[in-house]
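Would you be able to build a 3D model of this:
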Amino acid sequence: MAHRAVPLSNTEFYDRFLPVPPGAQKPVKRDRGTLCRMFSVFKDAKRRAWQEDKVAAKFTDIINAHHLAPDMTFALSQHRYDPDDETKQKVDGAFFKSDMAPTDGRPHWADQLVTVEFKADNTSYDPYDDNPKKAMDSENKERKKVRGQIISYVELVFKKQHRTHLFLLVVIGKSFRVTRWDRSGTVVTPLVDYAAHPEILYEFLWRVGVVSPETLGLDPTATPVRPDSPEYLLMEQMAERDESDLPAERRTVTEAESGNVFEYVRTAFRESLDEDWPRWKLSIPQEGGPAKEFLVGKPHFCAKGMAGRGTRGYVAIDLSGETRRFVWLKDAWRTYYDLVESEGTVLQLLNRHKVVNVPTFVCHSDLPGQSTRTPEIWDLNNERRKSAQAAVQPAANVPSTSTVPPRCASAQTPGASSSSSSSLKRARSDEEERLDMPPPPPPNRTDTTGAESSQDECPLRRHIHYRLVVEEIGRPLHTFINGQHLVSVIYNCIRAHQEAVEKTNTLHRDISGGNILIYPCVVCDKPSRTKRIVLRGLLTDWELSKDIARGPRPRAARLPERTGTWQFMSVFLINQPTKAVEVPDELEAFFHVLLYYSVRYLRSNCEDVPLYMENYFEAYAIEKGRYRCGRTKALTMKTGQLEISLDNGELRFDSAIDRLLEVWLQWLKAHYEVRTYEQRRKATLPSSEGLEASQEPPSSAEVDEPPEVDFQLFSAQSRATTLHPPSSNVHTDAERLVTHHNILSVVYTSLQAKPDAGLPCPWPLNDKVADRYPATTRKRLQTVPTDLLERDSRSKRRKVESIAPVFAASDSVLLQLSAQSVKSSTDSRPDSGFASGSVPLMREGSSP
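Numbering: from 1, shown residues only. The predicted model follows:
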């Protein structure tokens, strides 16, 4: 979802977010007159046309010389980047603890306490707009560019540190704003002239210097591991190679291989000990007992973007037991709503019912007191708006249709822009848009019921900080051995999905390539008592799962927006925002996963794999301001044909996968035919009651009669809109997707395929090839607006199709895609390593 800005006056901002600790006293010589003299040099900054370097230098001298931020030092870094920063970003400066302040002119992202960005005294460089008649997240190109730049700085601080929030000071010539960033949004103060009102700036600086690290946003459950500590030494020791470690390959275990750690796990941990990255001890509170502690280095997975879950995944050392072991630790800001169970709770249920091929729960917890607060300020402003409306219109308070609250109605501080309590239509926000590429039109905002969002409903998701630990450390799906192994891994995960539904009534609701991992494990053959390594599929990331036995939920009881992974979502789910996820949708998602990895990594007759991948998995269309499924994917479900192109015909792999995809797709085609017929049959034409029929046809002066006329061509009986019900065979095929049994049978049968005359080698051992869709083949992409994707994530991108809809006009009920129907991903490409998420979305069909 979009990372929106929410306004709040300076006074309330300071009192809510930077409360003065007991006993803190300001220096006596900090009266307003003294402060005015300190900052008087900035009064003529605009007239003198000072650029940001000049402003930054003067600002730094005053702050440090007069110790305006107690126990802190302000350091500039606008010309050099950190050596280990691949993005090479150079923020203007930051506040550091005085004993840790850098002197090399680099950002030192891991140590920053408060980040600062300077701009020249020009309104166009202000990332926000205080004009109550305009959107605070201004659509002005230059303002958006500055805002995108600031977002990238905030994201990097969150990546390098363990934070609940971050304060960022924006200095624009002789004016400033304070912003507070969390995973829900940004709270922004009005623009204030600090040359005229230096006491307002000083109040912020002084409070920053006297409050606790936790108040500044540092996570108290994350403790740095210092080089001279026992924990640091333990991490070094466990990273060392061990001859007893097991290889992640199918084979018999020898007697010398007595270890219980796989080589890739220890290697992954060793690679996480980057000398330029801080190490941490993370604690997870336990009810009725001491907290469990884990040692981690650099995350193996880190979702990009600020809004959303901000998921990070680590290969961690478990310190809770006598024997130290490697585990997988997931750190995320989960969505926090009524009746939404945490992922750990779901895993405990699955483990208790012995559901196969799912992660083994170790521990989990929400972190006390760590939830996002930006929605709280939105609600505050919204209540004030309603109170103001009620005072003005006591007799007839007409609700507004705006989706975003107006400016804060609280009293303004001196020098701030005036507020308004009238309702406003907020323009789309621009979290991390790539500013050199215009986004497609914004979709209409809908909730899970499909209704337009009310102004009373907060558009910002609420998140709570959460950690989960499981035993298994899987490998990404793209590491499968060959086509047969790929199918067997997907079979394992369909089994997991089946047992979760049948044993616990739990529906996963986010089947994707990133959530299917390969897990090596050692099994013992009972007759021979020999041990061998097998590579099974593991269905992970159950955070979006749902108990389907509870029946209807109250509106807004769960997540206010649909989530999923675009590339693998069913066409029905993409095009119908109000549709509940069902088993057929999940089985279709498994089909898309199999197709995606087959085309990308197996030998086939597809000559232009990047084009096919972009057309099928990445494309989208826009209809009436709403996003819908791309043509190729929708057409495949409608026709039941996997067409490469008009010239090359059907997609073929020359293996048993061909027959498997053919049967699976035939059932999906039947499913869509039956569902489409049912929805068309329910649809009714507008009533003609009250319409007056024309008594006379148009005269020959208006319409020239054609030379030959056949009036029988036009009759009510000859209309092409007559509905024909699907055949009994089609119904039978569609019903095969109601449960898992038939799909599991056909997948299992395909795995047992034997050579025959038509297919001499059903499962080639060497049909896997190098990645046929690497990043180097991908085109420059258009960024999707963030209200299309929930960003756990990062910037997602798609291409708009300039083609006609796949289905007929009467199918329009199937072709409406909510702006909130995609997960961000959450998170990363399906093959992005140990953690799961989405693929970057590509262009299709036209030049960049």
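
Low-confidence ranges, the protein, go.
Within the chain, the ranges that satisfy pLDDT under 70 run 1-2, 255-258, 338, 394-456, 550-563, 646, 648, 684-722, 757, 778-848.

I'd like the next helix or strand past the lengthiest helix in the chain.
Across the chain, the longest stretch assigned as helix under DSSP state H is helix 656-682. Downstream of helix 656-682, the first helix or strand assigned by DSSP states H and E is helix 728-735.

Put the alpha carbons of that following helix into CSV.
Output in CSV follows, covering the C-alpha atoms of helix 728-735 (Å, rounded to 0.1, in the frame of the first residue of the first chain):
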residue,chain,number,x,y,z
SER,A,728,-21.9,-32.5,-18.4
ASN,A,729,-18.3,-33.4,-19.3
VAL,A,730,-17.3,-29.8,-18.7
HIS,A,731,-19.1,-29.9,-15.3
THR,A,732,-17.3,-33.1,-14.5
ASP,A,733,-13.9,-31.6,-15.3
ALA,A,734,-14.6,-28.5,-13.3
GLU,A,735,-15.6,-30.5,-10.3
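
Summarise which helices and strands it is packed against.
Contact here means 3 or more C-beta pairs under 8 Å, 6 or more residues apart in numbering; DSSP states H and E; on that basis helix 728-735 packs against helix 656-682. (C-beta placed from N, C-alpha, C; glycine too.)

In contact with Arg279, which residues?
If a contact means C-beta atoms under 8 Å, 6 or more residues apart in numbering, then Arg279 has Pro224, Val225, Glu231, Tyr232, Met235, Leu273, Leu295, Val296, Gly297 as its contacts.

repeat for Pro19
The contact partners of Pro19, taken as C-beta under 8 Å, 6+ apart, are Val211, Thr215.

The one 5 residues further on too?
For Ala24, the contact set (C-beta under 8 Å, 6+ apart) comprises Val210.

In terms of secondary structure, what does the longest helix of the chain contact?
Judged by 3+ C-beta pairs under 8 Å, 6+ apart, the packing partners of helix 656-682 are helix 483-504, helix 571-575, helix 583-601, helix 631-639, helix 728-735, helix 741-751.

ok, back up a step: could you flag which of the contacts of Arg279 are buried?
Taking 16 or more other C-beta atoms under 10 Å as the criterion, what is buried in the contacts of Arg279 is Val225, Glu231, Tyr232, Met235, Leu273, Leu295, Val296, Gly297.

just to revisit the earlier point, looking at the helices and strands packed on helix 656-682, which is closest to Gln679?
helix 571-575 (9.8 Å; C-beta to C-beta).

so how far is the longest helix of the chain off the chain centroid?
For helix 656-682, the separation from the chain centroid amounts to 30 Å (computed by C-alpha atoms, centre = their mean, to the nearest Å).

That one versus helix 631-639: what angle between them?
Here the directions of helix 656-682 and helix 631-639 differ by 80 degrees (axes from the mean of the first three to the mean of the last three C-alpha atoms, to 10 degrees).

what about His478, is that helix, strand or coil?
Here His478 is recorded as helix under DSSP: H, G, I helix; E, B strand; the rest coil.

was I right about it contacting Val593?
No - counting by C-beta atoms under 8 Å, His478 does not reach Val593; the two are 11.4 Å apart.

Mind checking which of those two has more residues around it?
Between His478 and Val593, counting by other C-beta atoms under 10 Å, Val593 is the more crowded of the two (25 against 18).

for that one, what are its contacts?
Each residue near Val593 by C-beta under 8 Å, 6+ apart is listed here: Leu477, Ile490, Ile511, Ser512, Gly513, Ile516, Phe568, Pro830.

and what of Lys503?
His353, Lys354, Val355.

so Val20 sits in a helix?
No - Val20 is assigned coil when assessed by three-state DSSP, not a helix.

distance of the residue nearest to it when sequence neighbours are not counted from Thr115?
In this structure, Val20 finds its nearest non-sequential neighbour in Arg207, 6.4 Å apart by C-beta to C-beta, 6 or more residues apart in numbering. To Thr115, Arg207 is 16 Å away according to C-beta to C-beta, to the nearest Å.

next one: His465
From His465 across to Thr115, the span is 20 Å (C-beta to C-beta).

Now distance to Pro70 too, for the helices and strands packed on helix 656-682, in a markdown table please.
Converted to a markdown table, these look like this (distance: least, C-beta to C-beta, whole Å):
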| stretch | distance to Pro70 |
| --- | --- |
| helix 483-504 | 55 |
| helix 571-575 | 54 |
| helix 583-601 | 55 |
| helix 631-639 | 59 |
| helix 728-735 | 70 |
| helix 741-751 | 65 |
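
okay, those, which one's buried deepest?
Mean neighbour count (mean count of other C-beta atoms under 10 Å) peaks for helix 571-575 among the helices and strands packed on helix 656-682, with a mean of 25.

Count the residues that sit near the closest residue in space to Glu650 that isn't next to it in sequence.
Excluding the flanking residues, the one nearest Glu650 by C-beta to C-beta, 6+ apart is Leu642, at 5.7 Å. Residue crowding around Leu642 was assessed by other C-beta under 10 Å; the count is 20.

do the same with Phe653
19.

so it, which of the three states?
Three-state assignment for Phe653 (three-state DSSP): coil.

measure it to Ala500 for me?
Per C-beta to C-beta, Phe653 is found 30 Å from Ala500.

May I have stretch 200-207 exported as CSV, CA atoms only?
Extracted C-alpha coordinates of stretch 200-207, given in CSV (Å, rounded to 0.1, in the frame of the first residue of the first chain):
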residue,chain,number,x,y,z
ILE,A,200,10.4,25.5,17.6
LEU,A,201,13.5,23.9,16.0
TYR,A,202,15.4,24.0,19.3
GLU,A,203,12.6,22.2,21.1
PHE,A,204,13.0,19.3,18.7
LEU,A,205,16.8,19.2,18.9
TRP,A,206,16.8,19.4,22.7
ARG,A,207,14.2,16.6,23.1
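
For that stretch, what is the distance to the chain centroid?
Distance, stretch centre to chain centre, for stretch 200-207: 35 Å (C-alpha atoms, centre = their mean).

Please apply the same query to stretch 726-733.
Centre-to-centre, stretch 726-733 and its host chain are 39 Å apart (C-alpha atoms, centre = their mean).

Please name whichever of the helices and strands packed on helix 656-682 is nearest to Trp50.
Here helix 571-575 is closest among the helices and strands packed on helix 656-682 (C-beta to C-beta), at 51.5 Å.

So which elements touch the closest one?
Against helix 571-575 (3+ C-beta pairs under 8 Å, 6+ apart) you get helix 583-601, strand 626-629, helix 631-639, helix 656-682.

May I ask which of the contacts of Val593 has the most neighbours?
Most neighbours among those, by other C-beta under 10 Å: Ile516, with 31 neighbours.

Could you measure from that residue over to Asp129?
Computed with C-beta to C-beta, the distance linking Ile516 and Asp129 is 45 Å.

again, but for Pro285
As for Pro285, its distance to Asp129 is 42 Å (criterion: C-beta to C-beta).

where along the stretch 51-200 of the chain do the strands fall?
72-76, 93-97, 114-119, 166-172, 175-181, 186-188, 192-193 (DSSP state E, counting those that start in this stretch).

What residues sit buried inside stretch 616-625?
Residues Tyr616, Phe617, Glu618, Ala619, Tyr620, Ala621, Ile622 are the ones in stretch 616-625 that count as buried (16+ other C-beta under 10 Å).

Over to stretch 189-196?
Buried, per 16+ other C-beta under 10 Å, within stretch 189-196: Thr189, Pro190, Leu191, Val192, Asp193, Tyr194, Ala195.

these two touch, right, Ala500 and Val356?
No - using C-beta under 8 Å, Ala500 and Val356 do not qualify as a contacting pair, with a distance of 9.6 Å.
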